[in-house]
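*Asks:* return atomic coordinates for the entry below.
(chains A and B)
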Protein chains: 2
Amino acid sequence: MKKVHIVGLGLLGGSFAKALKKSFPEWDITGFDSNPEHLSLALEMGLISRSLEVPEKDSAVVVLATPVDTLFGLLVETLAQVGPDTMVMDFGSTKGELCRQIADHPKRNQYLAVHPIAGTENSGPAAAVTNLFDGKVLIICEMEKTDIHLKGMAYDIFEAINMKLRFMDPGDHDLHLAFVSHLSHVSSFVLGKTVLDKTEDEKNIFDMAGSGFASTVRLAKSSPAMWAPIFLENKKNVLEAMDSYIEHLRHFRKMLAEDDVDGLKHNMREANKIRDILDLKE
Amino acid sequence: MKKVHIVGLGLLGGSFAKALKKSFPEWDITGFDSNPEHLSLALEMGLISRSLEVPEKDSAVVVLATPVDTLFGLLVETLAQVGPDTMVMDFGSTKGELCRQIADHPKRNQYLAVHPIAGTENSGPAAAVTNLFDGKVLIICEMEKTDIHLKGMAYDIFEAINMKLRFMDPGDHDLHLAFVSHLSHVSSFVLGKTVLDKTEDEKNIFDMAGSGFASTVRLAKSSPAMWAPIFLENKKNVLEAMDSYIEHLRHFRKMLAEDDVDGLKHNMREANKIRDILDLKE
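*Replies:* Okay, here's the model as predicted:
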């Protein structure tokens, strides 16, 4: 029997609890959430056996699944609370700043920096699903800095819940994520806002929106409490991605304004290549 | 038994043929497609009984389901080919220009301007599905200009395949569609291109793209042959929608650059309201 403690019982933390319970029914999973409603819902749903403000010293694993702006403080606090055989990991969507801040911590080797590429636009314990991580990629940064036994245990857990491990430098992680994840969230939030601002008082025009619109703005439903800190933590890269996106939009706009049908079609055929890449992933 | 002739046997035309066959198995459905491969595939799939370059004079309905830049020429040609009891309708995604161009045609009352709010990112006869139109909205413009008996027949067909009719001015249609449909296609095409340009030769970084990215760029798989003409035909409105979108992006960028976390969260909470609207539609 291992003890696992999860801080933050939302979509990721809650789904991780469910996945662990399925693979390791005998383990004792405790947890905490600073939102009292989420905490009592998590208890009611049986995501955790008990609420604990401080993890037990002999916990095997402590998972930090809270917004990225809380992670550094929480990580330092947690490392001070746990014994020498506990591995602490965070599920944050940005990795560079946290890895830099924790670099010289005396217990750095008890920390593993990971990012599960898994999520939905929903949040809170009610959004947790058992198979959220199943078949998904888990990015691990600076694996060489984590104690070999602790990280072996972590890999066994990830294998049991069927995740695909990828190893990456934290700076590369943050730059790439700005383009393949954070930018889609920005474009979706801003698209939702643009259309809502235009259509005020005319909600019936959404009758005219098809499934394509719903797909493109799906991420605009995401949690501001989770995403504002991600954008700010990865500000440099997100600004670079946004600038590139705005530049591409201006180019597209220019071709349209000039009736450059060949240019537009060429550009769209280039964009069509995303189909091959997404199909490969499926 | 009625004769229906469909020009353009792609996603919309092909799906309409399938839906008609299901509701009216005794009708004779003929068709044409200028792409020989699509035409033979449509015959092979049984979407149409025969290929005809010119509709029969006693056709009840002729449907034009080709790219919007071909519709005016095709409509004039078709009105010249059919008898006085044939209704001709187009499925184009823009309505203003075509309604203006055809306004003074002597057979204007045999034409019905419609736009089914239905589609997927796929194209060609292979993409056709029987229930594409089921439960979807059909916008009808200038219904008062179409002969009452012909339009009665059309309404019966749309009711049989379970579409919800909405009536709208062609100019309002084009402006609203620019925001709730055409802009999502632009944002998706441009997002796909931006990310592909950044990541060239590093296809493995798409490992890091989650389901959110796939949802946001889904429309970037759409057909350039279909969409370039829509953007050009609705240029004024699409440019207005793009300018508003770029302006909203620049505002979001400014808040991020200035660490305005309250502004960002407020903006994202506003965008979250899209959830209520989309949930209402479901």
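*Asks:* shaky segments in the stretch 101-250 of chain A?
*Replies:* A:201-204 (pLDDT under 70).
*Asks:* any idea how far residue B:79 is from the nearest residue to residue A:14 once chain neighbours are set aside?
*Replies:* The shortest distance from residue A:14 to any non-neighbouring residue, by CB to CB, 6 or more residues apart in numbering or on different chains, is to residue A:128 (2.9 Å). Where C-beta positions appear, they are placed from N, C-alpha and C, glycine not excepted. Distance from residue A:128 to residue B:79, counting by CB to CB, to the nearest Å: 59 Å.
*Asks:* flag every residue of the stretch 51-200 of chain A that's near chain B.
*Replies:* A:117-121, A:136-137, A:139, A:164, A:166, A:173, A:176-177, A:179-181, A:183-199 (CB under 8 Å from any CB of the partner chain).
*Asks:* out of those, which are buried?
*Replies:* A:117-121, A:136-137, A:139, A:166, A:173, A:176-177, A:179-181, A:183-196, A:198-199 (16 or more other CB atoms under 10 Å in any protein chain shown).
*Asks:* what about the longest helix in chain A?
*Replies:* For chain A, the longest helix by residue count, based on DSSP state H, is helix A:235-257.
*Asks:* buried residues in that one?
*Replies:* A:235, A:237-238, A:240-242, A:244-246, A:248-249, A:252-253, A:255-256.
*Asks:* so is it next to chain B?
*Replies:* Yes. If you take CB under 8 Å from any CB as the test, helix A:235-257 does meet chain B, through A:235, A:238-239, A:241-246, A:248-250, A:252-253, A:256-257.
*Asks:* ok, and what's touching that helix?
*Replies:* With CB atoms under 8 Å, 6 or more residues apart in numbering or on different chains as the test, helix A:235-257 has contacts from A:174-175, A:177-179, A:182-183, A:186-187, A:231, A:260, A:263-264, A:267, B:186-187, B:189-191, B:193-194, B:197-198, B:231-232, B:235, B:238-239, B:242-243, B:245-246, B:249-250, B:252-253, B:256-257, B:259.
*Asks:* next, count neighbours for the residue nearest to residue A:14.
*Replies:* 25 (other CB atoms under 10 Å in any protein chain shown).
*Asks:* try residue A:108
*Replies:* That count, for residue A:108 with other CB under 10 Å as the rule, works out to 15.
*Asks:* wouldn't it be in contact with residue A:142 here?
*Replies:* No. Contact criterion CB atoms under 8 Å: residue A:108 and residue A:142 do not qualify, at 9.0 Å.
*Asks:* strands along chain A, start to end?
*Replies:* Ranges of strands in chain A, per DSSP state E, are A:3-7, A:28-32, A:50-51, A:61-64, A:87-90, A:111-116, A:137-141, A:164-168.
*Asks:* need the residue closest to the centroid of chain A.
*Replies:* residue A:93 (4.4 Å; CA atoms, centre = their mean).
*Asks:* which outside residues touch stretch A:49-56?
*Replies:* A:3, A:5, A:7, A:28-32, A:39, A:42-43, A:62, A:78, A:81-82, A:86.
*Asks:* next, the buried residues of it.
*Replies:* A:55-56.
*Asks:* only alpha carbons, please: show that stretch as PDB.
*Replies:* The C-alpha coordinates for stretch A:49-56 follow below in PDB (Å, rounded to 0.1, in the frame of the first residue of the first chain):
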ATOM      1  CA  SER A  49     -10.300   8.900   1.400                       C
ATOM      2  CA  ARG A  50      -9.500  11.800   3.700                       C
ATOM      3  CA  SER A  51      -8.900  15.500   3.500                       C
ATOM      4  CA  LEU A  52      -5.400  16.500   4.800                       C
ATOM      5  CA  GLU A  53      -4.000  20.000   4.900                       C
ATOM      6  CA  VAL A  54      -0.500  18.600   5.200                       C
ATOM      7  CA  PRO A  55       0.700  15.400   3.500                       C
ATOM      8  CA  GLU A  56       1.900  12.600   5.700                       C
END
